[in-house]
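Q: Provided below for reference: sequence and predicted model.
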Amino acid sequence: MQVAKDLLEAKGPVDIRIYVDGVTEARLELLKKAGLKVGSHDGAGLVFGTATAEVIRALAKLDFVQTIAPLRPR
């Protein structure tokens, strides 16, 4: 599981992309319950959304999350 370090130190909400092991309705619900504001997804393995550093830490604990990165590289 990889998380861009600057996301863990972000002040306020940031736009992120999350690579997951398959997008399903159940997994989208788990992401939302963890606090992610889901914007969109590609239906395969990429989810876009907005989250705070605290939420990103919670997302990183989900077993199907592979990578969390900023929406746009910094």
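A: Sure thing, it's come through.
Q: Let me see the contact set for Gly12.
A: Under the criterion of C-beta atoms under 8 Å, 6 or more residues apart in numbering, the neighbours of Gly12 are Thr52. To be clear about C-beta, it is placed using only N, CA and C from the backbone, and glycine gets the same treatment.
Q: let's go with 6 Å and repeat that
A: When the contact criterion is C-beta atoms under 6 Å, 6 or more residues apart in numbering, Gly12 has no partners at all.
Q: Model confidence score at it, please.
A: Looking at Gly12, its pLDDT stands at 95.
Q: Met1 too?
A: The score at Met1 is 86. That number is its pLDDT.
Q: Report the contact partners of it.
A: Residues Ala60 are the ones in contact with Met1 under the rule C-beta under 6 Å, 6+ apart.
Q: change it to 8 Å
A: Taking C-beta under 8 Å, 6+ apart as the criterion, Met1 is in contact with Ala60, Val65, Gln66, Thr67.
Q: can you check Thr67 too?
A: Taking C-beta under 8 Å, 6+ apart as the definition of contact, the neighbours of Thr67 are Met1, Gln2, Val3, Ile18, Tyr19.
Q: where exactly do the helices run in this structure?
A: Shown for the chain, the helices assigned by DSSP state H span residues 5-8, 25-33, 53-60.
Q: so where is the chain shaky, pLDDT-wise?
A: Confidence mapping of the chain against pLDDT under 70 gives the ranges 73-74.
Q: was I right about Leu71 contacting Arg17?
A: Yes: counting by C-beta atoms under 8 Å, Arg17 is a contact partner of Leu71 at 5.6 Å.
Q: Stretch 36-43: which residues count as buried?
A: Of the residues in stretch 36-43, those buried by neighbour count under the rule 16 or more other C-beta atoms under 10 Å are Leu36, His41.
Q: What is the burial count for the residue nearest to Leu36 when sequence neighbours are not counted?
A: Counting by C-beta to C-beta, 6 or more residues apart in numbering, the nearest residue to Leu36 once its immediate chain neighbours are dropped is Gly49, at 4.5 Å. For Gly49, the count of nearby residues is 23 (other C-beta atoms under 10 Å).
Q: what does the one 4 residues further on give?
A: Residue neighbour count, defined by other C-beta under 10 Å, stands at 16 for Ala53.
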